[in-house]
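**Q** pasting the sequence and the predicted model now:
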Amino acid sequence: MAVFLMPKTKNSVSWTLASVELRDAYTDFMLSRQAVNAAQTTLDFYRYTAGIFLEWIEERGVTSPMEVTARYVREYIAELAGRGAADSTVWGHARAIKTMLRFWHNEGYIPSPVKYDLPKMGKKRLPVLDADQLMQVVQACDVRDRAIVLFMADSGLRRAEVCALNWGDVDIQSGLVKVKQGKGRKDRSAVVGATARRALLAYRRTIEKRADSDPLFQAKGGTRFTGSGLPTVFRRLSRGTGIHVTPHALRRTFVILSLRADMNLLALQSLLGHEDLSMVKHYAQMVDDDLLREHSKHSPVDRLKG
């Protein structure tokens, strides 16, 4: 998932009176996203990307959608990259702006399409924990954090999906987890094994709020973790263990360890909530890389002498 920079204000884009046309075009675009029932995270994505771009062009005297050209977009993207933004951030901004400009053209705000190429994203090896690293992290946890880490590593759920879970969504007997309104506003099922469930039971004995309607994982006072609050757990564990661990690293870890254990690809796709196999195949390629690396180290023929 693309990462994006935060705007100057979290809740709205600031405008001058001179840019009423831009404001109306931007508002219409955002309303169109709401009309197709886009998730709140998607709306935030466009607000924190396309919205920032509009502030940027307004500062350069643009007051109408018809004044927006590919040159402005390329200059903006180059400035983002020049400030050291990650490839995923730059790409996310460029994609969001392209979506908005396509909408403007379709709705008649601009007479012809604004065409530009999306920046290329460098292929990076994203953080994944091996089995030994995962156990080191688990051993550094208290009761609550152990339950969180084992649950996320065994279910592959996204951060927001985990934060939204209640105790009633997890069947401790079977391990079935009901994910309601996950990514794309879709319901699905996940599963956690016996070890993660035992960790959940140990954690539940330490808290007071454990009714079906109470949050599965709780911050101080029994409140629900927020999307920004849960990563503080992982930052603390990263500092304590020297192992870089994040919610999404645990999701990738779930995929890699499942593939190494020969889990069926279609089952894995369903558990992850992916619409197709493309991302699973990407992870499978990472497992193939493991095989290539290990074979290069231990090739029986290459190690023959003479």
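**A** Happy to help now that I have it.
**Q** how about Ser213, secondary structure?
**A** Going by DSSP: H, G, I helix; E, B strand; the rest coil, the secondary structure assigned to Ser213 is coil.
**Q** likewise for Gly221?
**A** Taken by three-state DSSP, the conformation at Gly221 corresponds to helix.
**Q** next structured bit after the helix or strand containing Asp44?
**A** For Asp44, the host element (DSSP states H and E) is helix 40-47. Scanning the chain past helix 40-47 towards its C-terminal end, the next helix or strand to appear is helix 50-59 (assignment: DSSP H and E).
**Q** now that following helix, how far from the centre of its chain.
**A** Relative to the chain's own centre, helix 50-59 is displaced by 24 Å; criterion: Cα atoms, centre = their mean, to the nearest Å.
**Q** do a quick rundown of the strands in the protein.
**A** Using DSSP state E, the strands assigned to the chain run over residues 176-179, 188-191.
**Q** reformat the ones you listed as TSV; add mean pLDDT and mean neighbour count.
**A** Any C-beta I mention is one placed from the backbone N, CA and C, and that applies to glycine too. Converted to TSV, the strands of the chain look like this (pLDDT from 0 to 100; neighbours: other Cβ atoms under 10 Å):
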stretch	mean pLDDT	mean neighbour count
strand 176-179	91	18
strand 188-191	85	18
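**Q** possible to save those as a markdown table with distance to Gly229?
**A** A markdown table is the format used below for the strands of the chain (distance: least, Cβ to Cβ, whole Å):
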| stretch | distance to Gly229 |
| --- | --- |
| strand 176-179 | 20 |
| strand 188-191 | 21 |
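**Q** closest one to Val114 among these?
**A** Smallest distance to Val114 across the strands of the chain (Cβ to Cβ): 37.0 Å, for strand 188-191.
**Q** and the closest one, how far from the chain's centre?
**A** 18 Å.
**Q** could you export that strand as PDB, CA atoms only?
**A** Output in PDB follows, covering the C-alpha atoms of strand 188-191 (Å, rounded to 0.1, in the frame of the first residue of the first chain):
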ATOM      1  CA  ARG A 188     -14.100 -12.300   5.200                       C
ATOM      2  CA  SER A 189     -12.800 -14.900   7.500                       C
ATOM      3  CA  ALA A 190      -9.300 -15.400   8.900                       C
ATOM      4  CA  VAL A 191      -7.900 -18.100  11.200                       C
END
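**Q** numbering from 21 from now on, please.
**A** Happy to do that; since the first residue is 21 now, the last one works out to strand 208-211.
**Q** name every strand pairing with that strand and say which way it goes.
**A** Here strand 208-211 is paired, per DSSP bridges, with strand 196-199 (antiparallel).
**Q** returning to that earlier point: how about the helix holding Asp64: buried residues?
**A** By neighbour count on 16 or more other Cβ atoms under 10 Å, the buried set for helix 60-67 is Thr62, Asp64, Phe65, Tyr66, Arg67.
**Q** equivalent analysis for stretch 280-290, please.
**A** Leu288, Gln289.
**Q** over to stretch 244-263?
**A** The neighbour-count criterion (16+ other Cβ under 10 Å) identifies Arg244, Phe245, Leu250, Pro251, Val253, Phe254, Leu257, Ser258, Thr261, Ile263 as the buried residues of stretch 244-263.
**Q** now do the contacts for the fifth one.
**A** Applying Cβ atoms under 8 Å, 6 or more residues apart in numbering, one finds that Val253 lies in contact with Asp165, Ile168.
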